[in-house]
Each structure stands twice: as structure tokens, then as C-alpha cells.
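Engineer: can you look at this prediction? I've put the sequence above it.
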Amino acid sequence: MIASSLGALLAGKFGWLNAAENEDLFVPPQSCKETLRLTQGPYLTRSPLRSDIRGGRDGVPLRLRLKVLDHYYCTPVEGALVELWGCDAQGIYSNVENIVFDYETTQRDGVADDTRGSDFLRGHQFTDSNGEVEFLTNIPGWYAGRLPHIHVRTVAAREWTALDTQLFIPRDIERRVFASGAYAGHGQNPWTIDRDLVVKGDQGIVDELTIPMVEEGEGFAGEFTISMTA
């Protein structure tokens, strides 16, 4: 009797507790569904706190604005840690041993470049009251086994939950960029989506995680929303 009365009291005071009558309140809106997670990749702790992460590396500039939302309430997350990193025009990451993969077998075939001690194209910031951060980076080059991509790690301030994913470059922009400047010597990316070692032919993943971009000055500007448990 006491339990029944308490349940009725709570249901009356907090209508959201009555799941049978308010099922829609327990389903996040589709527009704020959680962002797809992909493998973390060459992540390193202690990246520099900075908005311009180019570190003197040549490449086509990309001004990337990221917005972090609580995927359940679809509201901005203030104070979230957002880390960004990617490879340079030749497909080289900073501060790691860059691995070479055989084109035919996709198996490891040595080390291309040991860049340990450097921090180019790496950095982090904290979201503002609108849940936003803005980075200045470069369009990433390609390396064996992968479509060109940028790594993002987002950590919510309140719960310390993390989401790791990768963002892709529109195919038409990729072709244009790789035909000139610092990218030309490396050439066009021969690795198709079917041979990508992470997405493994899943076009839906690439479509959902591709950054919408427009031309801006000598480079491009793009925006993307990260929706996560906060």
C-alpha cells in the first residue's frame, strides 16, 4: 500500500517517471542520435591547448567548427574537452612511428617515418557556452589502407564519458586538393572505401561522418556536430 501510494505520488509529481504514458520522452530525437564511434587511432595524451594545430606543416587550410551536443536532450555541452589530430599532406602523423602497409596485402610492411617528439596537427580545446570549438588545421593527406580522415576525441566534462570517431573529407574536395601543392608529390589516394581497413566498405559510415565543406580563401571551412552522452 505504501509502495503503491509512493509510486502514484512520484508519477504525479514527475510525469516522466510514467514510461507507459510518456514513451516518447525516453527516446532521443533522431537529429541528436549519438555520433558513430570509430577506432581511436594514433591518440596521444598531452596534446597542446591551441586552436591553430598546423604546427608549420604545409597543406590546404581547413577551418573546422565542431559543436558538441548531449544526444539525449539535444542541448549544447559546455566545457567538453575536444581533441583533434590528423596526418600531414604526405600521410604522416606527429609523435609516432608511421607504419607502411603493402598495397596488395594490406599487411604491415615497415615504418615510413619516425616523428616521435613532434606535435604538428594535434591540439585540444574546451567547448564554449554554445558547445562549440573551432580549429584551424589542414586537409589531411592519405596513407596506406585508409581514406583521408581527421580524428576527434570528445570528453564530456560532467560525466567524463568519451567518444572517439573519425571525420572524412568530401571526395570531390579530396581529388582537387591532392592534385596540387604539398599533396601533388604524394598523388591521388589509390585506396577505395572497399579496402579501407576501418570502414571496410560501409558507405553509410562514410556518408554519416563526412564533413560538409565550403571554399574559404585559400582553403575550406567545415562544420560538424558531435552528439554524445554527456
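Structural biologist: The structure has been received and is ready for your questions.

Engineer: check the gap between the spatially most central residue of the chain and V68 for me.
Structural biologist: Central residue of the chain (Cα atoms, centre = their mean): V152, 3.4 Å from the mean position. Computed as Cβ to Cβ, to the nearest Å, the V152 to V68 distance reads 10 Å. For every residue, glycine as well, the C-beta is placed using N, CA and C.

Engineer: tell me, what's touching the two both at once?
Structural biologist: Each of V82, I226 lies in contact with both V152 and V68 under the rule Cβ atoms under 8 Å, 6 or more residues apart in numbering.

Engineer: give the contact list for the residue nearest to the centre of the chain.
Structural biologist: Applying Cβ under 8 Å, 6+ apart to V152 gives the contacts L66, V82, E83, L84, D164, T165, Q166, L167, I226.

Engineer: which of those sits closest to G55?
Structural biologist: Checking these against G55 with Cβ to Cβ, the nearest one is L84 at 12.1 Å.

Engineer: who touches that closest one in this structure?
Structural biologist: For L84, the contact set (Cβ under 8 Å, 6+ apart) comprises I53, L64, L66, R122, G123, H124, F135, T137, I150, H151, V152.

Engineer: just the ones of the residues you listed in helices?
Structural biologist: Secondary structure from DSSP state H places none of these in helices.

Engineer: how is the chain partitioned into domains?
Structural biologist: 1-27, 33-228 (automatic domain parsing).

Engineer: what's the mean pLDDT across the shortest one?
Structural biologist: I take that to be domain 1-27. Domain 1-27 shows a mean pLDDT of 43.

Engineer: could you pull out the helices in this protein for me?
Structural biologist: In the chain, the helices defined using DSSP H lie at 2-13, 171-178, 203-208.

Engineer: all set, thanks.
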